[in-house]
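Trainee: Provided below for reference: sequence and predicted model.
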Amino acid sequence: MSRQFTPKVVTANHLLEGDAVWLTADDRWTRDMCEAELIEDEAHADIRLLDAQRDAATVVGPYLVDA
């Protein structure tokens, strides 16, 4: 039996200010958690995390967190 996927958001810390930021559906980083893209598919979550990891000029330490 496979486990059910828990919806996620991508979060990280802003490189210069250190603030917590969240990735939006339109590829922006926001400080407003309410604007974060809610990801309900595991494969899509993995892709969005890879997208975030490529943005090393803006953020550090991106990861998926349960939403």
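Mentor: Received the coordinates, thanks. Numbering: from 1, shown residues only.
Trainee: going forward, measure contacts between C-alpha atoms and count neighbours the same way
Mentor: Noted.
Trainee: which residues does residue 37 contact?
Mentor: Residue 37 sits next to 9-10, 22-25 when contact means C-alpha atoms under 8 Å, 6 or more residues apart in numbering.
Trainee: distance from stretch 6-21 to the middle of the chain?
Mentor: Its chain's C-alpha centre and that of stretch 6-21 lie 6 Å apart, by C-alpha atoms, centre = their mean, to the nearest Å.
Trainee: residues touching the residue nearest to the spatial centre of the chain, list them.
Mentor: Taking C-alpha atoms, centre = their mean, the centroid of the chain lies closest to residue 10, which sits 1.2 Å from it. By C-alpha under 8 Å, 6+ apart, residue 10 lies in contact with 22-23, 36-37, 45, 48-49, 52, 62-65.
Trainee: please name the bridge partners of it.
Mentor: Residue 10 forms beta bridges with residue 64, as assigned by DSSP bridges.
Trainee: quick check, residue 34 in a helix?
Mentor: Yes - looking at residue 34 with DSSP: H, G, I helix; E, B strand; the rest coil, it is inside a helix.
Trainee: number of residues surrounding it?
Mentor: 10 (other C-alpha atoms under 10 Å).
Trainee: can you tell me how far it sits from residue 23?
Mentor: 11 Å (C-alpha to C-alpha, to the nearest Å).
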